[in-house]
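Trainee: Have a look; sequence and predicted model below, questions after that.
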Amino acid sequence: MANWTIDPTHSEVNFKVKHLMISTVTGNFGTYEGSVETANDEDFTGAKVSFSADIDSISTGQEQRDGHLKSGDFFDAENFPKLTFVSTSMEKDDDKNYTVIGDLTIKGTTKQVILKAEFGGIMGDFYGNTKAGFDISGKINRQDFGLTWGAVTEAGGVVVSDEVRLAFNIQVSKQA
């Protein structure tokens, strides 16, 4: 058995959402933590993954928008300070790809999500630590999690898409 933790200095937790259906806004969470428990050192099949992100650490590069995302219209950071993910399965699709299924909880609502994880490999660093890397992607519907704020432009255009694309670049470090 091996235990791994996210290395936040070599990881990114990003999301993308369409704005006015013509462009994409990218955001990220700056404060997060996670762990992976595997049955053996080299194969992540059946791994147990847990992850949480601090809602107050959300950033889209625009302070007013970030404040709106933290408000009750969206994430309600005051009452729901974290989002969490706990895997229910992690299956190997081929040598480089896994399907991760788990429960995502946002704003007190839990739904099953399916994520694709591209395995980057395992490597030792300069300090003798064993690292593994994954590029993880998926999509959720924000409405499913109570993120229901919406507006329509005078021309009838949707301001914020319901679909949110997830894009995580995660490096984990094996614990001694």
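Mentor: Done, it's in. Values in this document were obtained by computation on a predicted structure and should not be read as measured data.
Trainee: C-terminal to the helix or strand hosting L104, which secondary structure element comes first?
Mentor: Counting by DSSP states H and E, the element that carries L104 is strand 97-106. Later in the chain than strand 97-106, the nearest helix or strand by DSSP H and E is strand 109-124.
Trainee: Remind me what that next one packs against, helices and strands.
Mentor: Applying 3 or more C-beta pairs under 8 Å, 6 or more residues apart in numbering; DSSP states H and E, we find strand 109-124 packed against strand 82-94, strand 97-106, strand 130-141. C-betas here are computed from N, CA, C, even on glycine.
Trainee: which other residues reach that strand?
Mentor: Applying C-beta atoms under 8 Å, 6 or more residues apart in numbering, the external contacts of strand 109-124 come out as 42, 44, 85, 88, 90, 95-104, 130-138, 140, 144-146, 166.
Trainee: Which among those count as buried?
Mentor: Buried members of those, counted by 16 or more other C-beta atoms under 10 Å: 44, 85, 90, 98, 100, 102, 104, 130-136, 138, 140, 145, 166.
Trainee: Give the buried residues for stretch 64-83.
Mentor: Across stretch 64-83, burial judged by 16+ other C-beta under 10 Å covers 65-66, 69-70, 74-77, 80, 82-83.
Trainee: Check the gap between S23 and S161 for me.
Mentor: 11 Å (C-beta to C-beta, to the nearest Å).
Trainee: remind me which residues of this protein are low pLDDT?
Mentor: Where the chain drops to pLDDT under 70, the residues are 20-22, 149-160.
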